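1. quick one, fold the following:
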Amino acid sequence: FQVKPENKKTIWNTEEVPEGSEFDDTWDPREQPEYQILFKQCVGTEDVFFGMSRKDPSTACCEDMVIKIKLPETKYSDITLDIQDKVLDLRTPKKKLLLHLPYPVDSKNGKARFLSEKETLEVTLRVSREFDFINFA
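-> This next block holds a predicted model:
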C-alpha cells in the first residue's frame, strides 16, 4: 500500500497544519490582551433541586463558551473579530489575540457585545459537541 502525494512539490500536507495558523504572525508587535474563558449551561429546577438530569458543573455539560477580552482605550469600531470552528482571531490597533479554543464551536451563530464602561468584549459561542448521555438536546 503506497500513499501518493497530491503534488510532488508540496512540503507538507494540509492536514498537518493546524486550523488558524494562517493568522499567526510572530513579527506582529501588538500585545495580547487579558482574557478569560467561562462556560455556561442551561439548568432548570429539575437539575438544581431534584438532580433528574445527569448534568454536573463540569465543562462537559456546558452549552456555551463565553470569552471576555479586556480592551482598554478601544472603540467598538476599531475591533476586527473573526471566528472559526476552533479559532478566535481578534485585532485592534493596539492589541491582537489569536486564541485556539478548547472546544469546537458553532462559528456561524455566535454573539458579541462590547461593554464600553468595562472596556470589555464579551463573545458568546455555542459549543459544538457530539450527542451523548448528557448532551442530548
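
2. how about the helices of the chain, start to end?
-> For the chain, the helices defined by DSSP state H cover 45-48.

3. show me the shaky parts of it.
-> 1-8, 12, 14-15, 17-26, 43-61, 130-137 (pLDDT under 70).

4. which stretches in it count as strands?
-> For the chain, applying DSSP state E gives strands covering 35-40, 64-70, 80-83, 87-91, 96-100, 111-115, 120-126.

5. buried set for the second one?
-> Put plainly, it is strand 64-70. By neighbour count on 16 or more other Cβ atoms under 10 Å, the buried set for strand 64-70 is 64, 65, 67, 68, 69. All C-beta atoms are positioned from the backbone trio N, CA, C, and that covers glycine.

6. contacting residues around that strand?
-> 33-41, 88, 90, 97, 99, 101-103, 105, 119-127 (Cβ atoms under 8 Å, 6 or more residues apart in numbering).

7. can I have the buried ones of the residues you listed as a PyMOL selection?
-> To isolate in PyMOL the members of the contacts of strand 64-70 that are buried, counting by 16+ other Cβ under 10 Å, one can use:
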select buried, resi 33+35+39+41+88+90+97+99+101+103+105+120+121+123+124+125+126+127
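
8. double-check residue 104 against residue 88; I have them as touching.
-> No: contact criterion Cβ atoms under 8 Å: residue 104 and residue 88 do not qualify, at 12.0 Å.

9. residue 37 reaches residue 103, doesn't it?
-> No: using Cβ under 8 Å as the test, residue 37 is too far from residue 103 to be in contact (9.8 Å).
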